[in-house]
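K.L.:
Generate coordinates for the sequence data below:
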Amino acid sequence: MKKSFGLLLLLIANLSNAHYIEHEDRDKRYPIPSSFVWGTTHQVGLFTHMQDVKPTCVIAKSSKPKPLPIAARDLSAVKYEAIFDYTLKEHIQKNSVMGLTFVRDGKIIYETFNFERRADDLFTSFSAGKSIISILIGIALDEGLIKSLDDPVEKYTNRINDSSYSKIKISSLLRMSSGIPYTEPDTARGDATDFELSLEDNSRSDITESLKKWQRKSSGEGKKFNYASIETAVLAEMLRGATGKSICQYTQEKLWEPLGAEFDARWETDSKGNELGYIGFNATQTDYAKIGVMLANMGEIYGNRVLSSEYIDQATNVERQPEGFKFNQAEFQSGYGYQFWLRQQPGRYFMNGSYGQYVGVDRDSKSVLVIHTADPIRVNKIRSLRTLRLFQSLIKSTNP
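P.N.:
Numbering: from 1, shown residues only. Sure, this is the predicted structure:
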């Protein structure tokens, strides 16, 4: 008996060591640069190891982790049309896809990983994390910690009162319509460059100090969409003040726990532990998928009410957006809600991040598409069009 137990322990130790060596060898093939380096090989390494490069806080997995059920089908031959015809398999090959998961009715229908990525890897969000800040604001509103989305930011935090953004309504920031001049073109140059450079020094970065430096007059608040990542950073600061908790703690309690998250996640922070909010969320593909399932079910998952259906509808229904934010008004072929990119069909929308990070949701079919890529192009509208067409085709091909 003792001999058998000893052999079992030896086997477990060998397996653990083999897993470590395998990861070590993989990281040699896909090195982890200390800062952004162009090229798929380095981007794959960086985009799945942000926690090794940037300061982060941990969002603990659920105390009752629950996997999504699996109803696997081979969808690799599903075709879509977007300038050229591509199959799902070709889309994965041509777009440097690291991981892709398609879920319907709460079940994983198709899942694949490439570039030696695995189900336990944490994929970074880039700007797709902005939508998670919106979800958390909706939860705080449901709880009464935020009284009204028409309240100005300064009602909930006094740490950035020197900033012009402190006077702006929460709803205006959610729609990126502060009216404060700010330039963030697809290249991320302009004002966005200055803002991000102020946070590059991991040892001395301070998001509140960076926000206080922005003192510009607002004109036409709430009237016009102008993409500005800094506005999500302001929302994150407001959320800390409203809840009295770090965003990591609030995410763990109000989102990761009821979602039955199977793995720890992480938020990127400044040197003082303040989550950046506008960027830097990192999680596994399946846990991203659970966020999408909850949204597709209008706020529920596993019988748990996470977020009110009213907030989700206001945040994501293109028909409920005011003039200037509807489809083809916010941007060409897109509307904008509360930190979500809206499609023409009500209830179909995306969380979008640079270099090809997507969580697509369709509430009518209860479908979710999660894609993380290492595309060298930061903002690629053709890639986004292909992703939308792929999502549409996957929904159609799995219709009853």
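K.L.:
Please make it C-alpha for all contacts and neighbour counts, starting now.
P.N.:
Fine.
K.L.:
For the spatially closest residue to N328 that is not a sequence neighbour, give me the pLDDT.
P.N.:
Nearest residue to N328, sequence neighbours excluded (C-alpha to C-alpha, 6 or more residues apart in numbering): S334, at 5.1 Å. Listed pLDDT for S334 reads 97.
K.L.:
Verify the contact between S334 and F340 for me.
P.N.:
No - counting by C-alpha atoms under 8 Å, S334 stays clear of F340, with 10.1 Å between them.
K.L.:
Looking at these two, which is more packed in?
P.N.:
F340 (24 against 17; other C-alpha atoms under 10 Å).
K.L.:
So that one is in contact with I132, correct?
P.N.:
No - between F340 and I132 there is no contact under C-alpha under 8 Å: 9.5 Å.
K.L.:
Can you give me the neighbour number for E310?
P.N.:
E310: 12 surrounding residues under other C-alpha under 10 Å.
K.L.:
just T187 next, same as before
P.N.:
Count around T187 with other C-alpha under 10 Å applied: 11.
K.L.:
Now do the contacts for the closest residue to it other than its chain neighbours.
P.N.:
Among residues not flanking T187 along the chain, R378 sits closest, at 7.1 Å (C-alpha to C-alpha, 6+ apart). Under the criterion of C-alpha atoms under 8 Å, 6 or more residues apart in numbering, the neighbours of R378 are 186-187, 354-356.
K.L.:
how far away is R378 from S127?
P.N.:
According to C-alpha to C-alpha, to the nearest Å, R378 and S127 sit 11 Å apart.
K.L.:
so what sits against both of those two?
P.N.:
S354.
K.L.:
Pull out the buried positions in stretch 308-320.
P.N.:
308-309, 311-313, 315-319 (16 or more other C-alpha atoms under 10 Å).
K.L.:
no wait, stretch 333-340
P.N.:
Under 16+ other C-alpha under 10 Å, the buried positions of stretch 333-340 are 334-340.
K.L.:
Checking my notes, T232 in a helix, right?
P.N.:
Yes - assessed by DSSP: H, G, I helix; E, B strand; the rest coil, T232 belongs to a helix.
K.L.:
Renumber starting at 600 from here on
P.N.:
Done: numbering now begins at 600, and the last item shifts to T831.
K.L.:
which residues touch the closest residue to it other than its chain neighbours?
P.N.:
The shortest distance from T831 to any non-neighbouring residue, by C-alpha to C-alpha, 6+ apart, is to Y877 (5.0 Å). Going by C-alpha under 8 Å, 6+ apart, Y877 touches 725-726, 728-729, 732, 828-832, 835.
K.L.:
contacting residues for N916?
P.N.:
936, 941, 945-947.
K.L.:
can you rerun that using 10 Å?
P.N.:
With contact set as C-alpha atoms under 10 Å, 6 or more residues apart in numbering, N916 has these partners: 910, 925, 934-937, 939, 941-948.
K.L.:
For the protein, give me the ranges with low pLDDT.
P.N.:
600-621, 787 (pLDDT under 70).
K.L.:
so where do the helices sit in it?
P.N.:
Using DSSP state H, the helices of the chain run over residues 601-628, 639-646, 649-652, 687-693, 728-741, 769-773, 790-796, 806-811, 828-842, 846-850, 856-858, 884-895, 908-915, 980-996.
K.L.:
Let's have those helices in a markdown table, adding distance to A929.
P.N.:
Formatted as a markdown table, the helices of the chain follow (distance: least, C-alpha to C-alpha, whole Å):
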| stretch | distance to A929 |
| --- | --- |
| helix 601-628 | 41 |
| helix 639-646 | 29 |
| helix 649-652 | 31 |
| helix 687-693 | 27 |
| helix 728-741 | 16 |
| helix 769-773 | 13 |
| helix 790-796 | 19 |
| helix 806-811 | 25 |
| helix 828-842 | 15 |
| helix 846-850 | 28 |
| helix 856-858 | 31 |
| helix 884-895 | 22 |
| helix 908-915 | 13 |
| helix 980-996 | 15 |
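K.L.:
between those, which gets nearest to A718?
P.N.:
Checking those against A718 by C-alpha to C-alpha gives helix 884-895 as the closest, at 6.8 Å.
K.L.:
For that closest one, which residues meet the burial criterion?
P.N.:
Per 16+ other C-alpha under 10 Å, helix 884-895 contains these buried residues: 884-895.
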